[in-house]
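Enquirer: sequence plus predicted model, see below.
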Amino acid sequence: MQRRTLIRSAGGLAATLAGPRLLRAQSATTLRFTPQQDLVTLDPVTTTAYVSRNHGYMVFDTLYGMDSAYQATPQMVDGHRIEDDGKLWTLTLRDGLLFHDGERVLARDCVASIRRWARRDPFGTTLMEATDELSAPDDRTIRFRLKQPFPLLPIALGKASVPVCAMMPERLANTDPFRQVPELIGSGPFRFVESERVPGSQIVYAKFDSYVPRRDGPGGWTSGPKVVHFDRVEWKVLPDQATATNALVQGEQDWQEYAYHDLLPQLRRARGVTVRVLDPSGFVGMVRMNHLQPPFDNPAIRRALWGAIDQTACMQSLVGDDASLYHVPCGFFGPGTPMASEAGLEPLKGPRDYDRVKQALRAAGYRDEKVVFMIPSTSAPNAAMGAVIEDQFRKAGLNVEIYSVEFNAMLQRRNRKGPVSDGGWSAFMTNWAGTDWLNPAGHIALRGNGEAGYAGWATMPRIEELRDAWFRAPDLAAQQAVCRDIQIEAMREVPYYPTGQYLQPTAFRSNLTGIQEGFATFWSVRRG
């Protein structure tokens, strides 16, 4: 054997021997995660996509967090001072906050970030409408001078629902809020590794070594110290459900964001796998109608169709017969959250009588108009619920045409306001996190502000009046009373049809510890 061959062989043998150690070392410092879907939109201010929200909390930090009681807790701020009968708020940034480019986080960065976010978020818009002055008198001080008291200011800035009030450098925060920022520079616990992103396949994050977690506060959701134990987090996109599940069972992946309901038995039998529900507010389904075009521009037709909506059938199409994983009847606020009630939900209870619904629709003025119903085919929950709703619509006598398409393509058509003859639409199937239906402040689909609002463009003046009253309510009991009135009015005006609440388990390797309540966050997680 020649010496060069021997050296090559020895080197190969050394690499072979070192390989398992190298893999073990990489495994110890890298968390491998399967997200619900690919990350398309990188700017968490410009979208309501939950995968972008989760990504946003990796890269960016927020002034306040939200705990498991849905209350605001200080995050980037040390605290705040309230003066002038609630009309002057002074927020103080804590020490040691740095952006990923090494620059200090300054109050003027935060002011610009708040202004940008508020143009995309209904809660933020309401806060700014109540604000006379938002300024940064010095590097660590953010000042709100209000027209009237706004006690919900901290939770407006710290809510975990979409879109995220992400703090970014002023130069990026000055970007038009309807365009994505040109680069991702945050101050969160992870850096986005743009050079390793492979669209449709991989997203990579690296620990931000200069991140200073806050010292105290309750853990859970986006609250408390964000202590990172992994050097890297790799998101691997695996759209096929069986492939994603097998990768977790075989130990190729550490954490699967959504444990698919029909594969739960396999996951629960697998050795070394834990299945858990992190978010007790779950997800809520919704059929949103186009209020500008027939037939759903007619509120009598919208009301008549209540009798066709079978929420139990929708939920069982997702989770089977396990009643512990779904809740019906579901109204206009997430079941189990503080504003939820069963006020006015009688039309959703009891057996369905489709002959009676047909008669009610005719009496209301339905004349066989085509109903173009859009279903996002790439979302398993929405595809399942959409198939059930299609059947219920047909039983009720609606002339239904299905438009089944990839989710982002559906969103493009959803923006069209014209009639179906011009490429418009009549209704679409979607779902929301329960936290997005917590209260009227951030509940986009429950607005009644017409063409200025959410796709479907419902005009409901009374709901808008009640929303304003909710902000003025002096305590929790008064807020809950207003929300009962909102739900009763929504049952009459019908902005959309809720299809039930379901719980979405996650699954991870049992040697992971520190996974917190809420959505998928990556601080506190370690390998035990």
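Expert: Good, I have the coordinates.

Enquirer: what's the next secondary structure element after the helix or strand of the chain with the lowest mean pLDDT?
Expert: Least confident helix or strand, the chain: helix 3-29 with a mean of 43, by mean pLDDT, DSSP states H and E. The helix or strand immediately downstream of helix 3-29 is strand 30-34, counting by DSSP states H and E.

Enquirer: that following strand: how far from the chain's middle?
Expert: Relative to the mean C-alpha coordinate of its chain, strand 30-34 is positioned 20 Å out (Cα atoms, centre = their mean, to the nearest Å).

Enquirer: try stretch 258-269
Expert: For stretch 258-269, the distance to the chain centre is 22 Å (Cα atoms, centre = their mean).

Enquirer: in it, what's buried?
Expert: 258, 259, 260, 261, 263, 264, 266, 267 (16 or more other Cβ atoms under 10 Å). Yep, even glycine has a C-beta here, placed from its N, CA and C like the rest.

Enquirer: from those, which is closest to residue 353?
Expert: residue 261 (29.3 Å; Cβ to Cβ).

Enquirer: neighbours of the nearest residue to that closest one once chain neighbours are set aside, how many?
Expert: Closest residue to residue 261 apart from its sequence neighbours, by Cβ to Cβ, 6 or more residues apart in numbering: residue 319 at 4.8 Å. The number of residues packed around residue 319, counting by other Cβ atoms under 10 Å, is 21.

Enquirer: contacts only, for residue 319.
Expert: By Cβ atoms under 8 Å, 6 or more residues apart in numbering, the contact set of residue 319 is 261, 325, 326, 502, 503.

Enquirer: try 6 Å
Expert: 261, 325, 326, 502 (Cβ atoms under 6 Å, 6 or more residues apart in numbering).

Enquirer: surely the third one touches residue 502?
Expert: Yes - between residue 326 and residue 502 there is a contact at 4.5 Å, judged by Cβ atoms under 6 Å.

Enquirer: who touches both of those two?
Expert: In contact with both residue 326 and residue 502: 315, 319, using Cβ under 6 Å, 6+ apart.

Enquirer: still on that earlier bit, how near is the residue nearest to residue 261 to residue 262?
Expert: Distance, residue 319 to residue 262, by Cβ to Cβ, to the nearest Å: 9 Å.

Enquirer: next, count neighbours for the residue nearest to residue 383 when sequence neighbours are not counted.
Expert: Spatial nearest neighbour of residue 383, excluding adjacent residues (Cβ to Cβ, 6+ apart): residue 377 at 5.6 Å. By the criterion of other Cβ under 10 Å, residue 377 has 17 neighbours.

Enquirer: end to end on stretch 448-456, go ahead and measure it.
Expert: Distance across stretch 448-456, first residue to last, is 10 Å (Cα to Cα, to the nearest Å).

Enquirer: flag every buried residue along it.
Expert: So stretch 448-456, judged by 16+ other Cβ under 10 Å, has buried residues 448, 449, 453, 454, 455, 456.

Enquirer: these two touch, right, residue 479 and residue 472?
Expert: No - applying Cβ under 6 Å as the test, residue 479 and residue 472 come out as separate, 9.7 Å apart.

Enquirer: tell me which helix or strand the residue lying closest to residue 394 once chain neighbours are set aside sits in.
Expert: Spatial nearest neighbour of residue 394, chain neighbours left out: residue 400 (5.6 Å); criterion: Cβ to Cβ, 6+ apart. According to DSSP H and E, residue 400 maps onto strand 399-405.

Enquirer: on that earlier part again, where strands are concerned, which of the contacts of residue 319 count?
Expert: In strands, defined here by DSSP state E, the members of the contacts of residue 319 are 326, 502.

Enquirer: looking at the contacts of residue 319, spot the one nearest residue 521.
Expert: residue 502 (21.3 Å).

Enquirer: helices of the stretch 151-300 of the chain, residue ranges please.
Expert: Assigned by DSSP state H, counting those that start in this stretch, the stretch 151-300 of the chain shows helices spanning 153-158, 170-173, 241-249, 264-269, 299-304.
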